[in-house]
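Student: Quick one: sequence and predicted model below, then my questions.
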Amino acid sequence: MPEGNPPIDRKARLKIPAQVMPKQDPAVRIHNWDETYLPIDLETARIEAGRCIQCPAAACTKSCPVNNDIPGALRLLEQGDVVGAADKFRETSNLPEMCGRLCPQERLCEGHCVAGKNAKAVAIGRLEVFVTDYQRERFGFPTPELAPPSGRQVAIVGAGPAGLVVAEEVTVRGHSATIFDAWPEPGGVLLYGIPNFKMAKRILHQKVDFLKKLGVQFEMNTYIGREITLEDLFADGYDAVFLGHGAGIGNLLGIENDDLKGVYMATDFLVRGNLKPEQLPEGQREPVHVGKRALVIGGGDTSMDCARTALRLGAQEVRCMYRRTEAEMPVRTDERLHAREEGVITDFLVAPVRFFGDEEGRVKAVEFRRMQLGEPDESGRRRPVPIEGSEFVVEADTVVLALGYGVDRIFSDAVPGLEADRQGRIAIDQETGRTSVPGLFAGGDNVNGADLVVTALRDGRRAASGIDKYLRSLPPKQAAAK
């Protein structure tokens, strides 16, 4: 607690009612791509921040992957120091505007909020959004003081959250950073995986512009591992390389007729539905025509993103088909609620068997089989077991497969000495992000498997520190001969 603050009356704070976090009406928002949540005002934010009882245990901070000083930030906000609160979040987070919108707070900070034990948890995520938006929109991102140039160059593979964070952090430390990415624009999952109704694209664009002003270079439409190898990067003078290429390979279903027209992988569907053609590779610029009936197969956040996108593309009926029960769904509570508010129907304990197509090779229906839950599998959730003879058919004009993601093995299979597991997840030193190959670091989903933006952020900060220490341990560079 800041010095000079009056004592905290925790009992009184627990009696403050939770403030309403306003949202667009579902009947309105399904016809636009604007963020579901609406901005709050300063008075609402201060009252909600006052619900924080400033508990000494700081369970919210400990449950945050980047250990944001949440009580400290909320105390400043409560006192009206909005910029100070934003700066407090920025001490440990490079992407607080995004984490406030995208983190599953119900199982991280808000899930451990003491005030939430007997009432609604403090709306930490929405308050993080409020203070950082307030600061950015009025004053821009705070400009850090850059260390003197070191003469060292860092290549970063992947322009997603981990890569953006590494680029910012090594630049602040005085090193030159260049990000390579296969997509036309920077952002990775933040641009190509997160729909506009969850996070406005302008926030990412502002962050990228800020990084460019710091001196970060971007090389887009460049697939490292194909056109250029890791060996090429080191040969070109890069002193260290960070692998932040994520987990972007969609899991396949592998059933009869899954190659019919109108059957989409989740990322392909989302990028065609949420982005302009010029933001996409040439082969993905054809618009999506969902028809009247859309089916989404899967039960995670991506499945709800796809279902809500289908509604906004004009589908009259959207059904999400999931092979377990609602209790096992990995989707965020908020996302499940928002989809339900908008009219998405979820069918539980069903799994696809095969697709049916019309004479033009386009999907027209899907056969499903009902399931029941058996013993727990390796995920700890009860395994879905087919019920024989329970097959039924659902008509569909479009089907989206949202079955999770795996790591591209382009590096784990091709780089000599690079240690990785059977799924292609790269092994790193947990303190530095260092891989088994000298000068090569990694972090994010290509290490953890498909995970959260905030864990990629955490890995990026860790790796940037490790890269800095590695570069400063190298012998001085020889001056080029004149």
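Tutor: All right, it came through fine. Numbers count the residues shown, from 1 in each chain.

Student: What sits closest to residue 216 if chain neighbours are left out?
Tutor: Among residues not flanking residue 216 along the chain, residue 167 sits closest, at 4.6 Å (CB to CB, 6 or more residues apart in numbering). C-betas here are computed from N, CA, C, even on glycine.

Student: From residue 176, how far out is that neighbour?
Tutor: Per CB to CB, to the nearest Å, residue 167 is found 10 Å from residue 176.

Student: which one of these two has more residues nearby?
Tutor: residue 167 (31 against 20; other CB atoms under 10 Å).

Student: can you pull the contacts of the more buried one?
Tutor: For residue 167, the contacting residues are 154, 156, 177, 179, 211, 216, by CB atoms under 8 Å, 6 or more residues apart in numbering.

Student: tell me how far the ends of stretch 321-337 are from each other?
Tutor: Taking CA to CA, to the nearest Å, stretch 321-337 runs 16 Å from one end to the other.

Student: Make sure residue 31 is indeed in a helix.
Tutor: No - applying DSSP: H, G, I helix; E, B strand; the rest coil, one finds residue 31 to be coil, outside a helix.

Student: Now do the shared contacts for residue 167 and residue 176.
Tutor: residue 154.

Student: which residues touch the closest residue to residue 300 other than its chain neighbours?
Tutor: Residue nearest to residue 300 in three dimensions, not counting chain neighbours: residue 330, with 4.8 Å by CB to CB, 6+ apart. Counting by CB under 8 Å, 6+ apart, residue 330 touches 299, 300, 301.

Student: which ones are touching the second one?
Tutor: Residue 300 makes contact with 329, 330, 331, 402, 404, according to CB under 8 Å, 6+ apart.

Student: Quick check: phi and psi on it?
Tutor: Phi and psi for residue 300, reported as degrees, to the nearest 10, are phi -100, psi -170.

Student: Tell me how far it lies from residue 452.
Tutor: Distance from residue 300 to residue 452, by CB to CB: 12 Å.

Student: Look up how far residue 324 lies from residue 382.
Tutor: Residue 382 is 7 Å from residue 324, by CB to CB.

Student: repeat for residue 345
Tutor: Distance from residue 345 to residue 324, by CB to CB: 16 Å.

Student: In terms of neighbours, single out the busier of these two.
Tutor: Remark: of residue 345 and residue 324, residue 324 carries more neighbours, 19 against 12, as counted by other CB under 10 Å.

Student: hang on, isn't that one packed against residue 381?
Tutor: Yes - assessed by CB atoms under 8 Å, residue 324 is found in contact with residue 381 at 6.4 Å.

Student: Overlap in contacts, residue 382 and residue 324.
Tutor: Going by CB under 8 Å, 6+ apart, residues that sit against residue 382 and also against residue 324 are residue 373.

Student: quick revisit: for residue 41, state which of the contacts of residue 330 is nearest.
Tutor: Distance to residue 41, by CB to CB, is smallest for residue 301 among the contacts of residue 330, at 28.8 Å.

Student: residues touching that closest one, list them.
Tutor: 330, 331, 332, 335.

Student: and if you look at residue 328?
Tutor: Contacts of residue 328 (CB under 8 Å, 6+ apart): 299, 373, 381, 382.

Student: Pull out the buried positions in the longest strand along the chain.
Tutor: Longest strand in the chain by number of residues, with DSSP state E as the criterion: strand 363-376. For strand 363-376, the neighbour count (16 or more other CB atoms under 10 Å) marks 363, 364, 365, 366, 367, 368, 369, 370, 371, 373 as buried.

Student: contacts for that strand?
Tutor: Against strand 363-376 from outside (CB under 8 Å, 6+ apart): 257, 260-263, 295, 321, 323-325, 328, 347, 349-358, 382-387, 390-399.

Student: just stretch 425-437 next, same as before
Tutor: Contacts for stretch 425-437 (CB under 8 Å, 6+ apart): 242-243, 407, 411-412, 415, 417-421, 440-443, 446-449, 459, 462-463, 465-467, 469-470.

Student: Show the buried residues in the residues you listed.
Tutor: By 16+ other CB under 10 Å, the contacts of stretch 425-437 give 242-243, 407, 411-412, 415, 418, 420, 440-443, 446-448, 459, 462-463, 465-467, 470 as buried.

Student: most surrounded residue in the contacts of residue 301?
Tutor: residue 331 (23 neighbours).

Student: for that residue, helix, strand, or coil?
Tutor: coil.

Student: domains of this structure?
Tutor: 10-139, 153-248+406-473, 252-403 (automatic domain parsing).

Student: Quick one: closest of those to residue 146.
Tutor: Here domain 153-248+406-473 is closest among the domains of the chain (CB to CB), at 5.9 Å.

Student: quick check: mean pLDDT across that closest one?
Tutor: Rounded to a whole number, the mean pLDDT of domain 153-248+406-473 is 97.

Student: contacts for the strand or helix carrying residue 441?
Tutor: If you go by DSSP states H and E, residue 441 is part of strand 440-442. Strand 440-442 is contacted from outside by 166, 230, 240-244, 415, 418, 426, 428, 432-435, 463, 466-467, 470, using CB under 8 Å, 6+ apart.

Student: Please repeat the previous calculation with a cut-off of 6 Å.
Tutor: Strand 440-442 has contacts (CB atoms under 6 Å, 6 or more residues apart in numbering) with 241, 242, 243, 426, 428, 433, 434, 435, 463, 466, 467.

Student: before we move on, what about stretch 212-219?
Tutor: 167, 171, 177, 178, 179, 180, 186.

Student: and the fifth one, helix, strand or coil?
Tutor: Residue 179 carries the three-state label strand when classified by three-state DSSP.

Student: Reformat the contacts of residue 330 as a markdown table; add pLDDT and distance to residue 148.
Tutor: Formatted as a markdown table, the contacts of residue 330 follow (pLDDT from 0 to 100; distance: CB to CB, whole Å):
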| residue | pLDDT | distance to residue 148 |
| --- | --- | --- |
| 299 | 95 | 51 |
| 300 | 95 | 45 |
| 301 | 96 | 42 |
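
Student: Can you tell me which of those residues is nearest residue 273?
Tutor: Nearest to residue 273 among these: residue 301, at 15.7 Å, using CB to CB.

Student: how about the closest one, phi and psi?
Tutor: phi -60, psi -40.

Student: Show me what the longest helix along the chain is packed up against.
Tutor: With DSSP state H setting the assignment, residue counts place helix 453-473 as the longest helix in the chain. Other elements packing on helix 453-473 under the criterion 3 or more CB pairs under 6 Å, 6 or more residues apart in numbering; DSSP states H and E are helix 161-172, strand 240-243, strand 440-442.
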